[in-house]
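sequence and predicted model, in that order:
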Amino acid sequence: CMSRLIKSKGLLDYARASEIVRLSYPNARFLLYGFPDDHEDSLDEHEIINTWKDRYGIEYFGFTNDPVDTISKSSVYVLLSFNEGTPRSVLEAMAMGRPIITTDVPGCRETVLDGSNGYLVNLKDPKSAAEAMTKLMQKDLRQQMGESSRKLCEEKYDVHLVNDAIISALTI
């Protein structure tokens, strides 16, 4: 997961889902890249640094300015946001061939064909997220869904196709 350190990005749900999965898969790794944000919804970065590894198994790496390097360290991309436009980090992960686990909310749901390139999970439901994470412990399924992510990204989000659609809409 890569996001601002705010509750509405679903980070507490990510942490709780990780905690659930680690009961069955103690060697699973859960990475978090992000940065503090002066926001009413902010999480305390010091708490994440000092307690989340032991409590949830979350490995926190702080801010990254290289999403390609960051995403390349993962086999699945998770964003459990409460609401979004189209999340750029999810698109970047799709372009890199990662299966996606995200919430069934506007913006996020448009990036996943449930069961094809990832899973849509219930909002504010760590158990639902943990079930999706557990399914993706299967390497073959991760590979298949990652390939589907890349294909969907090329077909739906290619910048040239998007620009052509915008130009067509403006010239009518």
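That came through, no problem. In this text the structure is predicted, and so the values were computed from the model without any measurement.

going forward, measure contacts and count neighbours with C-alpha atoms only.
Fine.

what is Tyr119 paired to in the beta sheet?
Beta-bridge pairing for Tyr119 (DSSP bridges): Ile101.

now find how far off-centre the biggest helix by length in the chain is within its chain.
For the chain, the helix with the greatest residue count under DSSP state H is helix 139-157. Computed by CA atoms, centre = their mean, to the nearest Å, the separation of helix 139-157 from the middle of its chain amounts to 14 Å.

and it, what's buried?
The neighbour-count check on helix 139-157 (16 or more other CA atoms under 10 Å) flags 141-153, 157 as buried.

residues contacting that helix, please?
Outside helix 139-157, the residues that touch it by CA atoms under 8 Å, 6 or more residues apart in numbering are 75-76, 91, 94-100, 112, 115-118, 136, 162.

what do you get if the cut-off is 7 Å, keeping everything else the same?
Applying CA atoms under 7 Å, 6 or more residues apart in numbering, the set of residues contacting helix 139-157 from outside is Leu91, Met94, Ala95, Met96, Gly97, Arg98, Pro99, Ser116, Asn117, Gly118, Leu136.

how about Asn117, nearest residue that isn't a chain neighbour?
Nearest residue to Asn117 in three dimensions, chain neighbours excluded: Met145, at 4.2 Å (CA to CA, 6 or more residues apart in numbering).

quick one: mean pLDDT over the longest helix of the chain.
The average pLDDT within helix 139-157 is 96.

again with stretch 33-40
Regarding stretch 33-40, the rounded mean pLDDT is 92.

next one: it to chain centre, how far?
In terms of CA atoms, centre = their mean, the centre of stretch 33-40 is set 17 Å apart from its chain centre.

next: stretch 58-67.
Taking mean C-alpha positions (CA atoms, centre = their mean), stretch 58-67 and its chain are 13 Å apart.

what does it rub up against?
Around stretch 58-67, the neighbours that count as contacts under CA under 7 Å, 6+ apart are Ala15, Phe30, Leu31, Leu32, Tyr33, Gly34, Phe35, Ile49, Trp52, Lys53.

that concludes my questions; thank you for your assistance.
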